[in-house]
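Student: take this sequence and fold it.
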Amino acid sequence: MFSGFGSNMFSGGTFQSSNKFEEYFRCYPIAMMPDLIRKDDANFGGKIFLPPSALNKLTMLHIRYPMLFEIRNESKDLMTHSGVLEFVAEEGRVYIPQWMMSTLQLNPGSLVKIANCDLSLGKFVKIEPQSVDFLDISDPKAVLENVLRKFSTLTVNDVIEVNYNDSIYGIKVLEVKPESSNQGICVVETDLETDFAPPVGYVEPEYKPTQVNKPSSATPIDPSSVSRAAGAATMAKSINYANIVAEASQANTHRFGGSGQKLSGKAIEETQTKNYNIEELDPDAPPAPLQLPSNQLFFGFPVVLPTQEEMDGEGADKEAKKGAVFGGAGQSLRQSKKRKDKTSNYPPLKNHSRSPDYIEID
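Tutor: Here you go, the predicted model:
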């Protein structure tokens, strides 16, 4: 039994490429594994559980790592690839993820053929989310990198499942590179470039050009044309601001207003509403509520432009201030020989008596 193994290992025997692992197993989903060995996280990966006898045969055949397998449903002529997680399954059984059973159209207890294979290291994969809900993931690249850690292979037309935030997303493999006859790649210890296709059911939003507001044909208002006495522009006139203030002032003076009756029985003439102007308003009148229509603003202050005299005066003040910025008295570095004290309290020097040349002391 171990003669071939020993001769290859220690006697310098060459590797026999004809040795190939091929076995038939009854497949079951990972959810049907015994509680002591079941791992629910493996249901969202790409690795299977084989019995311990499979490990013995693979060791005898010198299968190189990582161990990759081809799983084939011969009755439907469907095939995929996977890695192996543990050799803890019962003899004659293999436990595979639920998405793999759906891809191969298998039922619990179906017969599958498992054989070892060699796959090239993947360089590129194109995937297609099976639902537009996948777009709700904030960082799909990071999620996909975390998911692919549980996979050893990727095969074209596989629909893998991703569990993220208690939600399951289906992702279909559309294309892999390098291309081969078995349409699979190895994703262990390789730099994999990923391309996302639009999700199934995704509709590209229609492009609607933004509407450019055309300039109004009305003549713009020149603030300089408004008189200083008026104190307001066309906006105040359009909302009838003068009447609003006048009616509010009258309402404050006639708080207990009501209808009157004459002793003669004649009807009282109704007072007509008077139209007020901005010039007739009382500047000390109390404020009045201002009800404006939508999309309209009223700032409530008059447009008063400075006169030419005021503008000229401001310009002269600016020039004066500009010239006086570096104003000050200068000083010379040379010492002046002139007498600094110009007061006439002291007599001139010519009136002083000349001091004697010699002083005699007894």
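Student: stretch 124-142: end-to-end distance?
Tutor: 17 Å (C-alpha to C-alpha, to the nearest Å).
Student: going forward, the N-terminal residue is numbered 23.
Tutor: Will do, 23 is the new start, and the previous item becomes stretch 146-164.
Student: just the mean pLDDT for it, thanks.
Tutor: The average pLDDT within stretch 146-164 is 89.
Student: what's in contact with it?
Tutor: Residues from elsewhere that reach stretch 146-164, judged by C-beta atoms under 8 Å, 6 or more residues apart in numbering: 165-166, 176, 181, 186, 189, 191-199, 207, 209, 214-224. Glycine gets a C-beta too; all of them are placed from N, C-alpha and C.
Student: can you flag which of the residues you listed belong to strands?
Tutor: Among the contacts of stretch 146-164, the members found in strands (DSSP state E) are 176, 181, 186, 189, 191-199, 207, 215-218.
Student: just the buried ones from the residues you listed?
Tutor: 176, 186, 191-195, 198, 207 (16 or more other C-beta atoms under 10 Å).
Student: so which of the residues you listed sits lowest on pLDDT?
Tutor: residue 186 (88).
Student: quick check: closest non-adjacent residue to that one.
Tutor: Distance criterion C-beta to C-beta, 6 or more residues apart in numbering; nearest residue to residue 186, sequence neighbours excluded, is residue 165 at 5.4 Å.
Student: pretty sure that neighbour contacts residue 187?
Tutor: No: the criterion here is C-beta atoms under 8 Å, and residue 165 misses it with residue 187 at 9.3 Å.
Student: for those two, indicate the residue with more neighbours.
Tutor: Neighbours around residue 165 and residue 187, counted as other C-beta atoms under 10 Å, are more numerous at residue 165. The numbers are 17 against 8.
Student: where do the strands sit along this structure?
Tutor: Using DSSP E, strands in the chain cover 44-51, 69-71, 90-95, 100-108, 115-118, 133-139, 146-151, 175-177, 181-186, 189-199, 206-208, 215-218.
Student: which elements pack onto the longest one?
Tutor: The one in question is strand 189-199. Under the contact criterion of 3 or more C-beta pairs under 8 Å, 6 or more residues apart in numbering; DSSP states H and E, strand 189-199 touches strand 146-151, strand 175-177, strand 181-186, strand 206-208.
Student: rerun that using 6 Å as the cut-off
Tutor: Judged by 3 or more C-beta pairs under 6 Å, 6 or more residues apart in numbering; DSSP states H and E, strand 189-199 is in contact with strand 146-151, strand 181-186.
Student: let's have the buried ones among the ones in strands among the contacts of stretch 146-164 in a markdown table, adding distance to residue 269.
Tutor: What follows is these, written out as a markdown table (distance: C-beta to C-beta, whole Å):
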| residue | distance to residue 269 |
| --- | --- |
| 176 | 80 |
| 186 | 65 |
| 191 | 66 |
| 192 | 70 |
| 193 | 71 |
| 194 | 73 |
| 195 | 77 |
| 198 | 81 |
| 207 | 83 |
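Student: which single one of these is nearest to residue 53?
Tutor: Of all these, residue 53 sits closest to residue 192, with 17.6 Å by C-beta to C-beta.
Student: quick one: the closest one and residue 182 touch, right?
Tutor: No: the criterion here is C-beta atoms under 6 Å, and residue 192 misses it with residue 182 at 7.5 Å.
Student: how many neighbouring residues does residue 70 have?
Tutor: 25.
Student: separation between it and residue 181?
Tutor: 17 Å (C-beta to C-beta, to the nearest Å).
Student: measure how buried residue 185 is and give me the count.
Tutor: Neighbours around residue 185, by other C-beta under 10 Å: 15.
Student: ok, it to residue 159 distance?
Tutor: Counting by C-beta to C-beta, the gap from residue 185 to residue 159 is 12 Å.
Student: and for residue 135?
Tutor: 36 Å.
Student: looking at those two, which one has more neighbours?
Tutor: Counted by other C-beta under 10 Å, residue 135 and residue 159 do not tie: residue 159 has more neighbours, with 17 against 14.
Student: measure that one to residue 171 for me?
Tutor: Counting by C-beta to C-beta, the gap from residue 159 to residue 171 is 17 Å.
Student: beta-bridge partners for residue 118, please?
Tutor: Counting by DSSP bridges, residue 118 forms beta bridges with residue 51.
Student: I should have written residue 102 there, sorry.
Tutor: What pairs with residue 102, by the bridge criterion (DSSP bridges), is residue 93.
Student: can you pull the contacts of it?
Tutor: By C-beta atoms under 6 Å, 6 or more residues apart in numbering, the contact list for residue 102 reads 93, 125, 177, 180.
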